[in-house]
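K.L.:
here are the coordinates; sequence isn't available:
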């Protein structure tokens, strides 16, 4: 059974950093590109970042470019999201998602490509 488990969320002050992890099980990380999404209260889930199977392609939402970095360690079946210079507007539940071997990178970077979701991890940026 394919599973994704996020961790690393928490409460941080504006300007601080967090690193989120998404650990996959039931499939090799080489199975699919992986994407991070977030959902703030009262808002729709939005794409944050995605990374290809090999890690040679990444994509970021304009709102996080230059502050967030996505990476993957296939040997550990883990994808990371390093978040720096956090802002209150980054407050949300963060989810990682996976598609299938047939999901294109472009589709994976949008919510339409996701077939499997993690349970989410809360990130709160507040002073």
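P.N.:
Structure's in. What do you need? Here the structure is a predicted model, which means the values were calculated and not measured.
K.L.:
right, and the helix or strand after the helix or strand of the chain with the lowest mean pLDDT?
P.N.:
Lowest mean confidence among the helices and strands of the chain (mean pLDDT, DSSP states H and E): helix 105-108, at a mean of 91. Using DSSP states H and E, the helix or strand that directly follows helix 105-108 along the chain is strand 116-117.
K.L.:
Tell me the strands beside that following strand, with direction?
P.N.:
Its sheet considered, strand 116-117 pairs with strand 92-98 (antiparallel) by DSSP bridges.
K.L.:
Show me where the chain has its strands.
P.N.:
Here the chain has its strands, by DSSP state E, at 3-7, 10-12, 18-25, 34-39, 46-51, 58-60, 68-73, 78-83, 92-98, 116-117, 121-125.
K.L.:
Please list the outside residues in contact with the third one.
P.N.:
In this case it means strand 18-25. By C-beta atoms under 8 Å, 6 or more residues apart in numbering, the residues outside strand 18-25 that reach it are 2-10, 12, 34, 36, 76-83, 86, 94, 96, 98, 118, 121, 123. From N, CA and C alone the C-beta is placed, and that goes for glycine too.
K.L.:
Centroid-nearest residue for the chain?
P.N.:
The chain has residue 36 as the residue nearest its centroid, 2.1 Å off, counting by C-alpha atoms, centre = their mean.
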